[in-house]
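1. here is a sequence together with a model predicted from it:
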Amino acid sequence: MHKFAARGARPSARTSITLLAAAGLIEATAAIAPAMTASHTSIGIRPVADAAAADAAAAYNGIVNNNGKGVTVYDYPGGGTALDTSLPATASLGDGTQVHIQCYLTGTSVTGPNGLASGGTDAYWDQITGASAGLAVAIPAGHALVVPDAYIQTSSPVDQLVPACGSGSSPASPPAAGSGAPSSPATPLPYAPGACRDVDVVFARGTGEQQGDNQGLASVGKPFVDVLARDLPGKTVMYYGVNFTADYAQVSTLAGADDMENHVKTVAAQCPNTTFVLGGYSQGAAVADVTIGLGPVLGPVYVKAGLALAAILGPLAAPGAITGGSTLATLIATHPGLPDSLAGRIAAVVTWGNPIHWANQSIATASPVYGPKSDDFCNPGDPVCANGVASITDPLATHRQYATDGKAQQGAQFAADKVTAAG
């Protein structure tokens with residue numbers, strides 16, 4: 001557990017209830033406000049001399065990530081031709097399609113979900129192989145297939161994964177096999193029904209963060225999964241963003257726990273060799289708590305917060321949602337969580353801003369089963385995990401920092417160590 005600073009004077013009971021309720025109300029807008037630098041997610045292939053063999057021996061892979069839309073593949077002739085979207089279109093790739101990246105070029109900036117600069121712009125363009133995603137495209141000699149890097153998800157910026165294409169003004173052949181180019185980290189791919197991988201990362205996002213934000217991983221889950229995959233180069237990794245509303249009233253905590261549990265049960269039955277990592281941020285941390293059977297510890301927190309939540313939320317609360325906190329709290333406290341038979345399949349549980357601290361507990365202290373394989377981050381001044389208030393004018397300032405202050409990456413390194421130790 002990481003409580004990063006002494007709390008000092010603990011808020012009064014009344015103040016504590018109000019702060020927790022307020023946190024539930026404003027967490028979403030506060031969390032979405034800061035501009036987040038889009039991190040690219042991994043991919044890789046061993047370099048090959050023959051592009052047609054790239055599918056079998058790829059060293060640098062990427063995934064099309066364009067918020068559900070496809071992307072255009074362009075024919076780039078090199079020779080000083082402007083590298084922009086006026087190039088001839090040769091094909092299109094659907095969202096989620098894997099591509100094999102040979103090298104990168106620099107051209108006109110394009111704005112997309114994975115752009116490196118502020119606002120999602122990116123001047124890099126990725127040269128991909130003709131064998132990527134089963135493309136059957138005839139390319140003239142000396143030409144290259146290119147796509148804007150802003151639409152391609154990779155674990156690190158593309159210039160850290162692949163070499164530049166020649167001088168940057170003309171296409172380049174992939175390096176020859178055995179050239180000593182580095183192998184890439186494991187490729188994190190979104191969960192697909194029936195797919196089995198070595199590691200399945202199941203993550204629940206924070207209040208108000210959207211299901212469509214980084215495929216349900218949102219602000220903290222994205223860097224967590226990226227670094228975890230990077231630190232497990234010998235294993236295949238998939239991820240699942242828990243499907244729940246993450247509502248202000250916190251009522252969706254139970255639905256999130258149900259979805260997290262059902263996903264683990266389904267994949268565990270279909271994939272007997274898959275190891276699981278559970279993660280959650282803020283309300284998502286509560287989802288993880290309930291999933292691993294800590295509902296009886298978490299429930300009293302909701303009893304304390306219920307009246308204040310209902311009073312503050314008013315018409316925003318779901319119809320019949322919270323009645324003095326007791327209805328939700330009782331459901332949480334009596335929720336069974338995952339069966340004991342699956343505990344051995346869970347290699348690690350990592351949370352950030354976990355409200356279980358309002359019960360003066362953590363996963364480490366409350367669960368003899370999951371405690372030894374848990375890591376828990378609570379920033380100083382984060383009221384959601386009962387660690388004081390950093391700012392009266394912006395009470396959630398430190399609660400929003402886990403995605404950018406290195407704590408997501410630290411949690412990933414912990415989880416990678418646990419997965420490795422589990423074999």
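-> Noted; the coordinates are in hand.

2. hey, which helix or strand in the protein has the poorest pLDDT?
-> strand 44-45 (a mean of 24; mean pLDDT, DSSP states H and E).

3. tell me if I'm right that Pro88 and Val73 touch.
-> No. Pro88 lies out of contact with Val73 (CB atoms under 8 Å); the separation is 10.0 Å. No exception for glycine: its C-beta is placed from N, CA and C like everyone else's.

4. more neighbours: which of these two?
-> Neighbour count, other CB atoms under 10 Å: between Pro88 and Val73, Val73 has more, with 23 against 10.

5. surely that one is within a helix?
-> No. Val73 sits outside any helix when classified using DSSP: H, G, I helix; E, B strand; the rest coil, being strand.

6. which one is it nearest to, not counting chain neighbours?
-> Ala91 (4.3 Å; CB to CB, 6 or more residues apart in numbering).

7. ramachandran angles for that neighbour?
-> The phi/psi pair for Ala91 (degrees, to the nearest 10) reads phi -170, psi 180.

8. return the residues in contact with Gly411.
-> For Gly411, the contact set (CB atoms under 8 Å, 6 or more residues apart in numbering) comprises Phe224, Gly279, Val350, Trp352, Asp375, Phe377.

9. ok, the last one to Leu232 distance?
-> Spatial separation of Phe377 from Leu232 under the definition CB to CB, to the nearest Å is 20 Å.

10. so between the two, which is more surrounded?
-> Phe377 (27 against 23).

11. hang on, that one packs against Lys407?
-> Yes. Counting by CB under 8 Å, Lys407 is a contact partner of Phe377 at 4.5 Å.

12. could you chop the protein up by domain?
-> Under the assignment automatic domain parsing, the domains of the chain span 2-36+187-422, 44-161.

13. ok, longest strand in this structure?
-> strand 98-111 (DSSP state E).

14. who are the packing partners of that one?
-> Contacts defined by 3 or more CB pairs under 8 Å, 6 or more residues apart in numbering; DSSP states H and E place strand 98-111 against helix 54-57, strand 59-64, strand 121-128, strand 144-148, helix 158-161.

15. of the ones you listed, which is nearest Gly212?
-> The closest of the helices and strands packed on strand 98-111 to Gly212 is strand 59-64. By CB to CB, the value is 15.4 Å.

16. what about the residue nearest to Gln409 when sequence neighbours are not counted, how many neighbours?
-> Leaving aside its chain neighbours, Gln409 sits nearest to Val227 (4.7 Å; criterion: CB to CB, 6+ apart). Here the number of neighbours of Val227 (other CB under 10 Å) works out to 25.

17. next one: Gly221
-> Neighbours of Gly221 (other CB under 10 Å): 31.

18. contact partners for it?
-> Phe203, Arg205, Asn214, Tyr239, Gly241, Gly279, Tyr281, Gly284, Ala408.

19. just the buried residues of the residues you listed.
-> Phe203, Arg205, Asn214, Tyr239, Gly241, Gly279, Tyr281, Gly284, Ala408 (16 or more other CB atoms under 10 Å).

20. and the pLDDT for the fourth one?
-> Reading off the confidence values, Tyr239 has pLDDT 94.

21. same for the strand or helix carrying it, what does it pack against?
-> Using DSSP states H and E, Tyr239 maps to strand 237-241. Packing contacts for strand 237-241, counted by 3+ CB pairs under 8 Å, 6+ apart, involve strand 188-190, strand 199-204, helix 218-230.

22. tell me which residues of the helix or strand just after it are tucked away?
-> Counting by DSSP H and E, the next helix or strand C-terminal to strand 237-241 is helix 252-270. Neighbour counts using 16+ other CB under 10 Å place 252-261, 263-264, 267-268 of helix 252-270 among the buried residues.

23. Trp358: neighbour count?
-> Look at Trp358: counted by other CB under 10 Å, it has 21 neighbours.

24. can you check Tyr124 too?
-> Neighbours of Tyr124 (other CB under 10 Å): 25.

25. shouldn't it be in contact with Thr106?
-> Yes. Using CB under 8 Å, Tyr124 is in contact with Thr106, at 6.3 Å.

26. on that earlier part again, what's the neighbour count on the residue nearest to Val73?
-> Neighbours of Ala91 using other CB under 10 Å come to 18.

27. distance of it relative to Ala421?
-> Following CB to CB, the distance that separates Ala91 from Ala421 is 44 Å.

28. I'd like the average pLDDT over the helix or strand containing Gln410.
-> Here Gln410, judged by DSSP H and E, is contained in helix 407-422. Helix 407-422 comes out with an average pLDDT of 94.

29. now stretch 105-122
-> 77.

30. just the CA atoms of it, as CSV, please.
-> What follows is stretch 105-122, C-alpha atoms only, in CSV (Å, rounded to 0.1, in the frame of the first residue of the first chain):
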residue,chain,number,x,y,z
LEU,A,105,8.4,9.1,-41.8
THR,A,106,7.7,12.7,-40.9
GLY,A,107,5.1,14.6,-42.8
THR,A,108,2.0,16.8,-42.4
SER,A,109,0.5,16.6,-38.9
VAL,A,110,-2.7,14.6,-38.5
THR,A,111,-5.0,14.7,-35.4
GLY,A,112,-6.1,11.4,-34.0
PRO,A,113,-6.7,9.4,-30.8
ASN,A,114,-3.0,8.5,-30.5
GLY,A,115,-1.4,11.7,-31.5
LEU,A,116,1.7,12.6,-29.4
ALA,A,117,1.4,16.4,-29.2
SER,A,118,-1.2,18.6,-27.5
GLY,A,119,-4.6,18.1,-29.0
GLY,A,120,-3.7,14.7,-30.4
THR,A,121,-1.7,15.9,-33.4
ASP,A,122,1.2,13.9,-34.8
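
31. which of the residues in that stretch are buried?
-> Judged by neighbour count using 16+ other CB under 10 Å, the buried positions of stretch 105-122 are Leu105, Thr106, Gly107, Ser109, Val110, Gly112, Pro113, Asn114, Gly115, Leu116, Gly120, Asp122.

32. give me the low-pLDDT residue ranges for the protein?
-> 1-60, 79-80, 116-119, 130-138, 155-156, 166-187, 302-326 (pLDDT under 70).

33. torsion angles phi and psi at the residue lying farthest from the centre of it?
-> Distance from the centre of the chain peaks at Ala141, with 40.0 Å (CA atoms, centre = their mean). Phi and psi for Ala141, reported as degrees, to the nearest 10, are phi -60, psi 130.
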